[in-house]
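> here is my input, please return the structure:
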Amino acid sequence: MTLQQLLMDTALSFVVLGATFWPLERAFSAWAGQRFLRPAWGADFVFFLGQYLVWGPLSVLAIMAARPLLHPEALAGLRAAVALQPTWLQVVEATVLCDLCVYVWHRLCHQVDWLWRFHAVHHSVEHLDWMAAHREHPLDGLTTQFVCNLPAFVLGIPLGPLAMVATFRGMWAIFIHSNVRLPLGPLGFLLGAPELHHWHHARVERTRHNFANLAPYMDWLFGTYHRPADEERWALGLAEPFPRGYLAQLLVPLPTLVRAWRCWRPRRAARCR
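Predicted coordinates for the structure are as follows:
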């Protein structure tokens, strides 16, 4: 893909997403009166550009490069059996396993200190809307996408049939961050509603609820489901101090990663206790 095509695709994505979600946010506002150019909108716009122009394409290349390494011979028989299944069943299996893997990974990102330092970038947003969904550290986004695609890679499920599901999941991920209060009724058990994820972003010390962004039934199974009964009046963001600039947010977790690597090495583990 050329730079010109990448720029055109990014501009088109911005227009399509804005045209899709801005009217929803005006008609069904969770926080009435929130301006389009609300505080920190510019920082989130830079995150948007970074994702579409740099980190997204690099993540795709990294994930595709890793795919051939994830075909253990011990699972050759299982992959052969999966290949005989109808396409719709493969898609369902990959989706459910993706939901499970993302749930476990997301929960770990809240419980493991050095993972949290990267995930905290996403939770630093203090005003939710469709643009805020793009505030994410590149390593956080890469690992989440890798974990989500891991079952399909291991089972040998072609990515083609999953493309439409992946597109839908991406749009839904933006929807649950948007400034929208639109309860989904019984459908909300299978697809995350905005109010569930809005609660996940509440300004508390590492929230303990609603880790399955797109699959609330996972939270129900593991006892972390919470649907707030009241309208959204809680504060958003982090309970801890955190830098606000784009570059500062990209750099602040890195010392924690270096320390985690040093502590992981057996000879130095004792020094980190």
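> surely Glu126 touches Ala40?
Yes - Glu126 lies in contact with Ala40 (C-beta atoms under 8 Å); the separation is 6.7 Å. All C-beta spots, glycine's among them, are computed from the backbone N, C-alpha and C.
> what's next to stretch 189-208, contact-wise?
With contact meaning C-beta atoms under 8 Å, 6 or more residues apart in numbering, stretch 189-208 is reached by 30, 110-111, 116, 123, 125-126, 128, 172, 175-178, 180-184, 188, 209-217, 220, 224, 226-228, 232, 234-239.
> centre of the chain to that stretch, how far?
13 Å (C-alpha atoms, centre = their mean, to the nearest Å).
> kindly format the C-alpha coordinates of it as CSV.
The C-alpha coordinates for stretch 189-208 follow below in CSV (Å, rounded to 0.1, in the frame of the first residue of the first chain):
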residue,chain,number,x,y,z
PHE,A,189,-26.1,-10.4,26.7
LEU,A,190,-24.3,-11.3,23.5
LEU,A,191,-23.1,-7.9,22.4
GLY,A,192,-21.6,-5.3,24.8
ALA,A,193,-23.8,-2.2,25.3
PRO,A,194,-22.1,1.2,25.7
GLU,A,195,-23.3,1.5,29.4
LEU,A,196,-21.4,-1.6,30.3
HIS,A,197,-18.1,-0.4,28.9
HIS,A,198,-18.7,3.1,30.2
TRP,A,199,-18.8,1.6,33.7
HIS,A,200,-15.5,-0.2,32.9
HIS,A,201,-14.0,3.3,32.3
ALA,A,202,-15.2,4.7,35.7
ARG,A,203,-12.6,6.5,37.7
VAL,A,204,-11.8,3.8,40.3
GLU,A,205,-8.7,1.9,41.2
ARG,A,206,-8.5,-0.6,38.4
THR,A,207,-12.1,-1.5,37.7
ARG,A,208,-13.1,-5.1,38.4
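> pLDDT of it, averaged?
Per-residue pLDDT over stretch 189-208 has a mean of 89.
> and what of stretch 123-141?
Averaged across stretch 123-141, the pLDDT comes to 96.
> and that stretch, end to end?
From its first residue to its last, stretch 123-141 covers 13 Å (C-alpha to C-alpha, to the nearest Å).
> and the helices in the stretch 1-150 of the chain?
Taking DSSP state H, counting those that start in this stretch to define them, one finds helices in the stretch 1-150 of the chain at 3-27, 41-50, 56-66, 76-83, 87-111, 113-123, 138-155.
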